[in-house]
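>>> Below are the sequence and a predicted model; questions follow.
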Amino acid sequence: MVDKSVMARQFIEAIPHAKALGLKLTDIGDGTAVIAMPYDEKLIGDPETGVIHGGAVSAVMDTCCGAAVMSHKDAPGGTATIDLRIDYMRAATPGQTIITTATCYHITRNVAFVRAVAVDNNTDTPVATAAGSFTVEKLF
Amino acid sequence: MSRKRPEPMQVVKQRRDAALNALVHGVPYIRFLGIEFDRRGDELTGLLNFNETQIGNPFLPAIHGGVTAAFLEVTSIISLSWAYLWPDIESGAIDVEAMAKGQLPGLPKTIGFTVDYLRSGLPRDAYARAIISRSGRRYATVRVEAWQDNHTRLFAQGVGRFRMPHTPRD
């Protein structure tokens, strides 16, 4: 049997845009994924403060949620986002890595439901939270 | 009593384009994604120039959902900022030269953003247009739609809620 965690990790690391963002998958398995996005000046959204753009946070959230779906025991193969909602609580502190944790908390034959949270060094208050639904695809 | 003679077209155009250029190119992340804006009068259309680093699924291939989300969000913020700054750009109250040097005015901050993925994003250019549902003193809501070859076949749509910048006028 194929180890799904290994498959998911390989899948994530083969994504060109994940590479462009410098994403690192630090943990995956059983419907949960953790992805880190190191601080990079090219991702700045506010040049005055050096705060990372919300769009970059959306991109990690989306990747992390997709990875969480693929690592779920009931997901046979790939996935695609149906919808994703992101709430921004505060600006990420410039210079710090953003770490997102996503959990696929329910899955049916066709739809997977996912929640995610992003933090920086201050893990008490989230930078952003996300909630979304994803397709459940057959083996690709 | 006659009305004031209109400014020459190139003066108006130059000021508008300089302001837009400063707004868009002053943000590293917008440059990173390769997003540009096409302006016709006060109307903006976002342009996502395709490149290989935007791929999210190499097997299809398809544009990364995060790129799509970011494109919608960038188009929303720039369109909202543009509408908000427009009166000051027209009157000349905004110092466009200072903007070009990086002194950008306060911009709206995203409170929340929701994206519907309607079709997979093909590996080619995409376009987006934002409609400001409401822009108040403190909050704004913006709808945004993105398409590729055919305007009637949207590949994504979204809604954003924003906190408007504090202005000295408040």
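The structure has been received and is ready for your questions. Numbering: from 1, shown residues only, chains lettered A, B, ... in the order given.
>>> Give me the contact list for the worst-scoring helix or strand of chain B on mean pLDDT.
Sorting the helices and strands of chain B by mean pLDDT, DSSP states H and E puts helix B:96-100 at the bottom, at a mean of 86. With contact meaning CB atoms under 8 Å, 6 or more residues apart in numbering or on different chains, helix B:96-100 is reached by B:15, B:18-19, B:21-23, B:26, B:89, B:105. The C-beta positions use only the backbone N, C-alpha and C, and glycine is treated the same way.
>>> Go again with 6 Å.
Applying CB atoms under 6 Å, 6 or more residues apart in numbering or on different chains, the set of residues contacting helix B:96-100 from outside is B:15, B:18-19, B:22.
>>> Where neighbours are concerned, which of those has the most?
In terms of neighbour count, B:Ala19 stands highest of these at 24 neighbours, by other CB atoms under 10 Å in any protein chain shown.
>>> quick one: average confidence on the one helix or strand it maps to?
Using DSSP states H and E, B:Ala19 falls within helix B:9-25. Regarding helix B:9-25, the rounded mean pLDDT is 90.
>>> follow-up on the earlier one: from the contacts of helix B:96-100, which is closest to A:Val136?
B:Ala22 (45.1 Å; CB to CB).
>>> thinking again about what came up before, mind putting the contacts of helix B:96-100 into CSV with distance to B:Ser120?
Output for the contacts of helix B:96-100, formatted as CSV (distance: CB to CB, whole Å):
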residue, distance to B:Ser120
B:Arg15, 40
B:Ala18, 37
B:Ala19, 35
B:Ala22, 34
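>>> which of these lies closest to chain A?
Checking the contacts of helix B:96-100 against chain A with CB to the nearest CB, the nearest one is B:Ala22 at 10.8 Å.
>>> all strands for chain B, in order.
B:35-40, B:43-48, B:55-57, B:62-63, B:109-117, B:126-135, B:139-147, B:154-163 (DSSP state E).
>>> same deal with chain A?
If DSSP E is used as the criterion, the strands of chain A fall at A:24-29, A:32-37, A:44-46, A:51-52, A:81-88, A:98-107, A:111-119, A:128-135.
>>> For the helix holding B:Ala19, output the C-alpha coordinates as PDB.
Output of helix B:9-25 as PDB, limited to C-alpha atoms (Å, rounded to 0.1, in the frame of the first residue of the first chain):
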ATOM      1  CA  MET B   9      -5.800  65.300 -21.800                       C
ATOM      2  CA  GLN B  10      -2.100  64.200 -21.500                       C
ATOM      3  CA  VAL B  11      -1.800  66.000 -18.200                       C
ATOM      4  CA  VAL B  12      -4.800  64.200 -16.700                       C
ATOM      5  CA  LYS B  13      -3.700  60.900 -18.200                       C
ATOM      6  CA  GLN B  14      -0.200  61.200 -16.900                       C
ATOM      7  CA  ARG B  15      -1.400  62.000 -13.400                       C
ATOM      8  CA  ARG B  16      -3.900  59.100 -13.300                       C
ATOM      9  CA  ASP B  17      -1.400  56.600 -14.700                       C
ATOM     10  CA  ALA B  18       1.400  57.800 -12.400                       C
ATOM     11  CA  ALA B  19      -0.900  57.300  -9.400                       C
ATOM     12  CA  LEU B  20      -2.000  53.900 -10.500                       C
ATOM     13  CA  ASN B  21       1.600  52.800 -11.300                       C
ATOM     14  CA  ALA B  22       2.800  53.900  -7.900                       C
ATOM     15  CA  LEU B  23      -0.100  52.100  -6.200                       C
ATOM     16  CA  VAL B  24       0.500  48.800  -8.100                       C
ATOM     17  CA  HIS B  25       4.300  48.700  -8.500                       C
END
